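Based on what follows, work out the 3D shape:
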Amino acid sequence: NKLDIQVIGITGSNGKTSTKDIVYSLLSKKAKTLKTEGNYNNHIGLPYTLLNVTDEEKFVVLEMGMSSLGEIRRLGEISNPDYAIITNIGDSHIEFLKTRDNVFKAKTELLEFVNNENTFVCGDDVYLAKLNVNKIGFNEDNNFRIESYEFSDKGSKFTLDGKEYEMSLLGKHNISNTAIAIELAKKIGLSEEEIKEGLKDIKISSMRFQEIRVGEDIYINDAYNASPTSMKAAIDTLNEIYDDKYKIAILGDMLELGEDEVKYHVEVLNYLLDKKIKLIYLYGERMKKAYDIFMKNKSEEYRFWYYPTKEGIVESLKNIRMEKVILLKASRGTALEDIIVKEWGDGHVVFFSRVFCKTWIFEINLSKNFFSFCNIFLYSFICRETIYKIVKKFGEEIRDDGPSSHFSKKGTPTMGGVLIIASVLLTSLLINDLANKLILLVLVSMLMFAAIGFIDDYRKFTVSKKGLAGKKKLLFQGTIGLMIWAYLYYIGFTGRPMI
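Predicted coordinates:
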């Protein structure tokens, strides 16, 4: 190893990417860190990440994926890791490996390159609990124990070995992965302050229990991939959060499960029976087979519904007139996240925006915007003569130190922006929903910026021929910008609905 770097290898059936993101966030508080981007976690992507290492980085966080025996060993030979994390042993890729015992053998190939003191695993996993390494989890026999936890709109709070931590992520599985990352960070030498700062800045890759707020509804987009273990973990989390909302789970096919794939899908449906989830929508060929088997002895179960199309699910969702929290979970090939776009994309331009680990959909209705534009133009045309008579007595005063091109404006009416502002306000009051926080934010921001222009013009004719000084204008405008940013920052951490 010619570069002075420490390499962290992360594998496991589920949670590799989220754990990688968490470890990266923590270690970045200590020194410059590089991590695997996207799904570059195989024998091609991992070397690509290593080739991007410079002499500035002190840590490299590598995600290691596999689908057969020997692949993790090859990644270990390439990267020679100093530390190892194994998140769990599940059913992912069992189509190729046949049994969990083989999954365990494949994942623990990583331990051939890292000593026990530098290896960290989830001790609640029945397979990983056998290892003589650092075990972290909720069970009492772990080396490092998660003693308590709670969820809120702001995220999670948990106690690990007597110390309390907070983060924006939800779910017991995320708490477990974060606890592993914390113990790794301590071993590397991070202080408590650095760890807590790192937890504040976690940014998880998209479609990993990603919250998307649409009006008063919350979509939890966990549709990047799925296995029986990760689907049950997502169901458990939905069961424990947002008790004030109507809970819906939309579940699609889990792929690469082998000849027992339908059995695994039926197990998931049975797992839902005692959960506080009001409706379960199912989608995909495998879910259809599981649904038919499951419902033979569950005819009284009204919560489970199978839909052959995503459009059918969308139409059903539109008929539920209450605040909802909706979980989307399926394998990547199902592309279940299309449901969000299908519900909000008809006749709209949809923007996904992330603010501090929270995500909102900003919806623009094209037909409504065109109508608004026509109204603004019409009001401006009708009122232009009246506004002109009012403002024409205020001739533009040009500063001596201003650009020469501005002198041609001397004497022309000023405060003409009143016409535009009045037209926009009138249109907004007539057409838009003022309960929409985004619309209010835009209108209030416009009025504050307009106030600066009005004061500037007013001072030209009553106090000073030069109006507001340029530095004062910049100060006022910067203050308004900071207020807008502070509002968005506040929403990002409280999880309050934006629209």
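
where does the stretch 51-200 of the chain have low pLDDT?
In the prediction, the stretch 51-200 of the chain carries no residues with pLDDT under 70.

Try it again at 90.
67, 90-98, 152-154 (pLDDT under 90).

where along it do the helices fall?
Ranges of helices in the stretch 51-200 of the chain, per DSSP state H, counting those that start in this stretch, are 71-79, 94-97, 100-107, 172-188, 192-200.

Would you mind pulling up the elements that the second one packs against?
Read that as helix 94-97. helix 100-107 (3 or more Cβ pairs under 8 Å, 6 or more residues apart in numbering; DSSP states H and E). Placement of C-beta: from N, CA and C, glycine included.

quick one: the strands in the stretch 1-150 of the chain?
Under the criterion DSSP state E, counting those that start in this stretch, strands of the stretch 1-150 of the chain are mapped to 6-11, 33-35, 59-63, 83-86, 119-122, 134-137, 144-152.

Identify whichever of those lies nearest to residue 17.
Of all the strands of the stretch 1-150 of the chain, it is strand 59-63 that lies closest to residue 17, at 6.1 Å by Cβ to Cβ.

which helices and strands sit right next to the closest one?
For strand 59-63, the elements it packs on are strand 6-11, helix 16-27, strand 33-35, helix 45-51, helix 71-79, judged by 3+ Cβ pairs under 8 Å, 6+ apart.

Any chance of these in JSON lines with distance to residue 141 and mean neighbour count as columns?
Formatted as JSON lines, those follow (distance: least, Cβ to Cβ, whole Å; neighbours: other Cβ atoms under 10 Å):
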{"stretch": "strand 6-11", "distance to residue 141": "23", "mean neighbour count": "26"}
{"stretch": "helix 16-27", "distance to residue 141": "22", "mean neighbour count": "26"}
{"stretch": "strand 33-35", "distance to residue 141": "32", "mean neighbour count": "22"}
{"stretch": "helix 45-51", "distance to residue 141": "34", "mean neighbour count": "16"}
{"stretch": "helix 71-79", "distance to residue 141": "26", "mean neighbour count": "19"}
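
now these as CSV including distance to residue 229?
Putting those into CSV (distance: least, Cβ to Cβ, whole Å) gives the following:
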stretch, distance to residue 229
strand 6-11, 15
helix 16-27, 13
strand 33-35, 24
helix 45-51, 24
helix 71-79, 18
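
and of those, who's closest to residue 128?
The closest of the helices and strands packed on strand 59-63 to residue 128 is strand 6-11. By Cβ to Cβ, the value is 11.3 Å.

so where do the strands sit in the stretch 251-400 of the chain?
Using DSSP E, counting those that start in this stretch, the strands of the stretch 251-400 of the chain run over 279-283, 304-306, 324-329, 348-355, 358-365.

Just want the most central residue of the protein.
Nearest residue to the geometric centre of the chain (Cα atoms, centre = their mean): residue 210, 3.8 Å.

Need the nearest residue in space to it, chain neighbours excluded.
Nearest residue to residue 210, sequence neighbours excluded (Cβ to Cβ, 6 or more residues apart in numbering): residue 221, at 4.5 Å.

Name the spans of the stretch 301-450 of the chain whose pLDDT lies under the cut-off.
For the stretch 301-450 of the chain, applying pLDDT under 90 flags the ranges 301-302, 315, 318-322, 332-333, 337-450.

Pull the contacting residues for the nearest residue to residue 290 once chain neighbours are set aside.
Nearest residue to residue 290 in three dimensions, chain neighbours excluded: residue 265, at 3.5 Å (Cβ to Cβ, 6+ apart). Counting by Cβ atoms under 8 Å, 6 or more residues apart in numbering, residue 265 makes contact with 253-254, 286-287, 289-290.

if we go to 7 Å?
By Cβ atoms under 7 Å, 6 or more residues apart in numbering, the contact list for residue 265 reads 254, 286-287, 290.

do the same with residue 193
With contact set as Cβ under 7 Å, 6+ apart, residue 193 has no partners.

related to what we said a few turns ago, what's the separation between the residue nearest to residue 290 and residue 174?
According to Cβ to Cβ, to the nearest Å, residue 265 and residue 174 sit 24 Å apart.

and what of residue 283?
From residue 283 to residue 174 the distance is 25 Å (Cβ to Cβ).

One more: residue 153?
Noted for residue 153: a distance of 16 Å to residue 174, by Cβ to Cβ.

neighbour-wise, which of these two wins?
Each of residue 153 and residue 174 has its neighbours counted (other Cβ atoms under 10 Å); residue 174 has more, 25 against 13.

surely that one meets residue 19?
No: using Cβ atoms under 7 Å, residue 174 is not in contact with residue 19, being 9.0 Å away.

one step back: can you redo the strands of the stretch 1-150 of the chain as a markdown table with distance to residue 277?
Formatted as a markdown table, the strands of the stretch 1-150 of the chain follow (distance: least, Cβ to Cβ, whole Å):
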| stretch | distance to residue 277 |
| --- | --- |
| strand 6-11 | 31 |
| strand 33-35 | 34 |
| strand 59-63 | 31 |
| strand 83-86 | 30 |
| strand 119-122 | 25 |
| strand 134-137 | 25 |
| strand 144-152 | 16 |
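
chain center to stretch 162-175, what's the gap?
16 Å (Cα atoms, centre = their mean, to the nearest Å).

Other residues contacting it?
Residues from elsewhere that reach stretch 162-175 (Cβ under 7 Å, 6+ apart): 15, 18, 146, 149, 151, 155-158, 178, 182, 192, 196, 199, 202, 204, 209, 233, 236-237, 241, 357.

Residue 90 - how many residues pack around it?
Neighbours around residue 90, by other Cβ under 10 Å: 22.

Quick one, grab the pLDDT at residue 210.
Predicted confidence (pLDDT) for residue 210: 87.

isn't it right up against residue 219?
No: the criterion here is Cβ under 7 Å, and residue 210 misses it with residue 219 at 8.4 Å.

just to revisit the earlier point, so the residue nearest to residue 210 versus residue 320, what's the distance?
For residue 221, the distance to residue 320 - Cβ to Cβ - is 18 Å.

Give me the more crowded residue out of those two.
More crowded of residue 221 and residue 320, by other Cβ under 10 Å: residue 221, with 22 against 14.

phi, psi of the more buried one?
phi -90, psi 100 (degrees, to the nearest 10).

how about it, what does it touch?
Residue 221 makes contact with 207, 210, 212, 328, 337, 340, according to Cβ under 7 Å, 6+ apart.

Please look at the fifth one and residue 223 and confirm they touch.
Yes: Residue 337 is in contact with residue 223 according to Cβ under 7 Å; the separation is 4.8 Å.

what do these two both touch?
Counting by Cβ under 7 Å, 6+ apart, the residues touching both residue 337 and residue 223 are 207, 328.

Just want to know which of these two has more residues nearby.
Neighbours per residue (other Cβ under 10 Å) separate residue 337 from residue 223, with residue 223 holding more: 28 against 21.

tell me the phi and psi of that one?
Dihedral pair for residue 223: phi -100, psi 20, per degrees, to the nearest 10.

now residue 450, nearest residue through space, not along the chain?
Spatially, and ignoring its direct neighbours in sequence, residue 450 is nearest to residue 421 (5.1 Å; Cβ to Cβ, 6+ apart).

Actually, residue 484.
Residue nearest to residue 484 in three dimensions, not counting chain neighbours: residue 445, with 5.8 Å by Cβ to Cβ, 6+ apart.

Sticking with that neighbour, tell me its helix or strand.
Residue 445 belongs to helix 437-462 when assigned by DSSP states H and E.

Brilliant, that's me finished.
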